[in-house]
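Colleague: Make a model of this:
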Amino acid sequence: MRQYHKTVLLLAFLILVWGINWPLSKYALQYTPPVLFAGLRALIGGLLLVIVALPKYKKLQFRRNWPIYLISALLSIVLYYGVQTIGLQYTPAGLFSAIVFLQPVLLGLFSWLWLGESMTRQKMLGLFIGFAGVATMSAGGITGNISTIGIILAIITALTWALGTVYVKKIGHKVDSLWLTAMQITIGGVILLAGGSGLESWSAITWNFPFIADTIFIAIFVIALGWYVYFKLIHEGEASKVGSYTFLIPLVSIASSVMFFHEHVTFNLVIGLLLILASIILVNVRFRRTDKTSSPA
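Modeller: Model (predicted):
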């Protein structure tokens with residue numbers, strides 16, 4: 001029972017912080033170029049995890065594991081956060097997050113292709129319903145500036161997150177989970193900062209209190225603690241629960257976007273979210289038929 005309560009608390013924490021991440025990130029973009037912002041928050045969060053992981057430094061084994069750390073960093077941090085932060089400039093935060101959380105559906109497909117998991121008719125139906133939900137939202141989910149570029153970037157963000165998760169599941173037994181999380185975030189932050197320094201200007205950042213507080217909050221709670229909790233739940237066998245509950249994250253994002261940015265929910269968005277919810281349930285929940293048995297004479 002204690003383990004169950006712990007899991008519920010960790011899931012609630014993850015849903016909350018990853019939900020409010022989207023409007024917080026969009027808010028910060030009025031003070032900073034996107035790639036530099038993505039690099040700053042990732043590097044700060046990664047270094048915090050490195051400090052936590054130092055007592056287990058013998059498990060780092062960087063010389064042997066650096067290719068794993070690098071590939072994971074490119075998928076889960078550089079592409080995921082880089083594309084995400086750029087895409088938020090084109091699309092309302094609520095709609096963007098809703099499209100990104102097509103990730104569990106893509107994860108079901110990739111797990112079938114590369115992890116050998118079963119692909120049933122129920123899962124296949126769920127995949128089609130999920131794409132229908134994204135198409136419905138893309139047709140006009142939230143009023144505001146909605147561009148084709150923003151929708152494409154949101155889909156790419158979901159794609160890289162799903163690929164990164166499958167990769168971590170496939171090679172997770174080869175490396176320490178804490179060091180994998182710390183190194184992928186730190187390496188990803190360094191790459192993003194290097195790219196941002198070449199493409200953007202540091203002088204374009206407005207170093208005021210709202211931006212600094214926003215960045216620190218995201219680095220600590222969303223990136224460092226968020227990714228640590230995410231992989232901890234997966235390591236403890238809760239991956240299916242994480243996958244089935246992530247549909248709540250865009251709902252938190254949309255609610256906070258409506259509260260703080262006055263984004264308006266439309267009929268298309270509601271229908272799209274319901275379709276994605278049905279999709280994730282079909283992909284992650286197995287419905288068993290009850291066989292009728294005759295009672296003994």
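Colleague: Confirm for me that residue 233 is in contact with residue 8.
Modeller: No: Residue 233 is not in contact with residue 8 according to CB atoms under 8 Å; the separation is 10.9 Å. No exception for glycine: its C-beta is placed from N, CA and C like everyone else's.
Colleague: Could you check which of these two is surrounded by more residues?
Modeller: Each of residue 233 and residue 8 has its neighbours counted (other CB atoms under 10 Å); residue 233 has more, 20 against 12.
Colleague: Now do residue 66 against residue 183, distance only.
Modeller: 8 Å (CB to CB, to the nearest Å).
Colleague: typo on my end, residue 208
Modeller: Residue 208 is 32 Å from residue 183, by CB to CB.
Colleague: Mind giving me the packing neighbours of the helix or strand hosting residue 136?
Modeller: Using DSSP states H and E, the element containing residue 136 is helix 121-138. Where contact means 3 or more CB pairs under 8 Å, 6 or more residues apart in numbering; DSSP states H and E, helix 121-138 is packed against helix 93-100, helix 103-114, helix 267-284.
Colleague: which outside residues touch the following helix or strand past it?
Modeller: As assigned by DSSP H and E, the chain's next helix or strand after helix 121-138 is helix 148-171. With CB atoms under 8 Å, 6 or more residues apart in numbering as the test, helix 148-171 has contacts from 68, 71-72, 75-76, 79-80, 83-84, 86-91, 95-96, 99-103, 106-107, 110-111, 114-115, 134, 138, 180, 231, 234, 239.
Colleague: Now the buried members of these.
Modeller: 68, 71-72, 75-76, 79-80, 83-84, 86-91, 95-96, 99-103, 106-107, 110-111, 134, 138, 180, 231, 234, 239 (16 or more other CB atoms under 10 Å).
Colleague: Next up, the contacts around residue 247.
Modeller: The contact partners of residue 247, by CB under 8 Å, 6+ apart, come to 101, 104, 273, 276-277, 280.
Colleague: Include distance to residue 170 and pLDDT when you put those residues into a markdown table, please.
Modeller: Converted to a markdown table, the contacts of residue 247 look like this (distance: CB to CB, whole Å; pLDDT from 0 to 100):
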| residue | distance to residue 170 | pLDDT |
| --- | --- | --- |
| 101 | 22 | 76 |
| 104 | 17 | 79 |
| 273 | 30 | 81 |
| 276 | 25 | 81 |
| 277 | 28 | 82 |
| 280 | 22 | 77 |
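Colleague: Can you redo the residues you listed as CSV, where the extra columns are distance to residue 15?
Modeller: Output for the contacts of residue 247, formatted as CSV (distance: CB to CB, whole Å):
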residue, distance to residue 15
101, 11
104, 13
273, 15
276, 15
277, 14
280, 13
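Colleague: list the contacts for the closest residue in space to residue 282 that isn't next to it in sequence?
Modeller: Using CB to CB, 6 or more residues apart in numbering and skipping the chain neighbours, the partner closest in space to residue 282 is residue 126 (3.1 Å). Residue 126 sits next to 105, 108, 278-283 when contact means CB under 8 Å, 6+ apart.
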